[in-house]
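Undergrad: The sequence isn't on hand, but the structure is:
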DNA sequence: GCGCTATAGTTGACTACGCAAGCAATAGTA
DNA sequence: TACTATTGCTTGCGTAGTCAACTATAGCGC
């Protein structure tokens, strides 16, 4: 499934998730640390992941006026449209994977149970301005 | 949890699983291909995994009389006792991880649902002799 | 027997991470 | 103000794994 994503759109599953989180974030940008938290990666993992996405032009870096330590990862136009392309088929793949195996009720049960595992929810992430 | 396993016993989660599968196998030995299937690794992954376990003396290699292509991975005495050491605390860790979060009924549900995912069951693996 | 294909396993090159160490910038404290 | 601790990020190095290419053996059809 993630292999399919990569073949069809040249995105690893983490590339995809990174773009997705950025697209949902305020103004399409996130601090690298926060992104690391969402992706369950270490900061160095994020640095390397974004290296690739920057080279591909899907993401660019921006700085934060009020804290010069932070660099933002910002979704570019190209990144947004690449995500859009990929999400159609990916979401469909995920959906059918589950639909084949589970009924709606069972999906609810699963979601409810698995939701109790650690790291299954989103933390609130602070904005840059104080 | 797997970090704990590694800290306490010097075994990665895959080391542990490999020893476990061997301990359950007939005469404590398995063909490398079959082990690859159980661990969801490629054959080369298994080669590298067993390299480490062999160096540590937990596993040794044996050959198959009826098919000279196959090399067995065989659990050594040291491997069996290392597994025994590790399994006590590891099983306890896993148990408590789930007990904290789920009731018995919920665990049954989870097992039933997740059991439908691919690769969640054991294939039958052929023995060497025809 | 002879070729052909499939299977078991290993190896080299590569990737994706983590960890530890380090640099800047910030925040807390005296 | 100066000193220390903390935070955000990057970099060098090590590790676990994949893939593609390879060798060796097995088994088939003829």
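TA: On my side now, so go ahead. The structure displayed is predicted, hence computed values, not measured ones. Numbers count the residues shown, from 1 in each chain, chains lettered A, B, ... in the order given.
Undergrad: Chain A: strands as residue ranges?
TA: Counting by DSSP state E, chain A has these strands, from start to end: A:29-31, A:59-63, A:71-75.
Undergrad: helices or strands next to the first one in the packing?
TA: Packed against strand A:29-31, as judged by 3 or more CB pairs under 8 Å, 6 or more residues apart in numbering or on different chains; DSSP states H and E, are the following elements: helix A:13-24, strand A:71-75. (Glycine included, C-beta is placed from N, CA and C.)
Undergrad: if we go to 10 Å?
TA: helix A:13-24, helix A:32-39, strand A:59-63, strand A:71-75 (3 or more CB pairs under 10 Å, 6 or more residues apart in numbering or on different chains; DSSP states H and E).
Undergrad: how about these, which one is nearest chain B?
TA: For chain B, the closest of these is helix A:13-24, at 16.2 Å, according to CB to the nearest CB.
Undergrad: That closest one close to chain B?
TA: No. With CB under 10 Å from any CB of the partner chain as the criterion, chain B is not reached by helix A:13-24; the gap is at least 16.2 Å.
Undergrad: could you check the angle helix A:32-39 makes with that helix?
TA: Going by axes from the mean of the first three to the mean of the last three CA atoms, to 10 degrees, helix A:13-24 is angled at 120 degrees with respect to helix A:32-39.
Undergrad: rewinding a little: may I see the helices and strands packed on strand A:29-31 arranged in CSV, with mean neighbour count and mean pLDDT as well?
TA: Putting those into CSV (neighbours: other CB atoms under 10 Å in any protein chain shown; pLDDT from 0 to 100) gives the following:
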stretch, mean neighbour count, mean pLDDT
helix A:13-24, 19, 95
helix A:32-39, 19, 94
strand A:59-63, 15, 94
strand A:71-75, 21, 96
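Undergrad: right, and the ones you listed - which one's nearest residue B:41?
TA: helix A:13-24 (18.7 Å; CB to CB).
Undergrad: Show me the one of the helices and strands packed on strand A:29-31 that comes nearest residue B:39.
TA: Nearest to residue B:39 among the helices and strands packed on strand A:29-31 is helix A:13-24; the distance by CB to CB comes to 20.6 Å.
Undergrad: for that closest one, packing partners?
TA: Packing partners of helix A:13-24 (3+ CB pairs under 10 Å, 6+ apart): helix A:2-9, strand A:29-31, helix A:32-39, helix A:43-55, strand A:59-63, strand A:71-75, helix A:77-101.
Undergrad: weakest of the ones you listed by average pLDDT?
TA: Lowest mean pLDDT of the helices and strands packed on helix A:13-24: helix A:2-9, a mean of 75.
Undergrad: still on that earlier bit, now render the strands of chain A as CSV, adding distance to residue B:93.
TA: Putting the strands of chain A into CSV (distance: least, CB to CB, whole Å) gives the following:
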stretch, distance to residue B:93
strand A:29-31, 33
strand A:59-63, 38
strand A:71-75, 35
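Undergrad: Of all the helices and strands packed on strand A:29-31, which one is nearest DNA strand C?
TA: Among the helices and strands packed on strand A:29-31, the nearest to DNA strand C by CB to the nearest atom of the strand is helix A:13-24 (4.3 Å).
Undergrad: what about that closest one and DNA strand C, any contact?
TA: Yes. Helix A:13-24 reaches DNA strand C (CB under 7 Å from any atom of the strand) through residue A:14.
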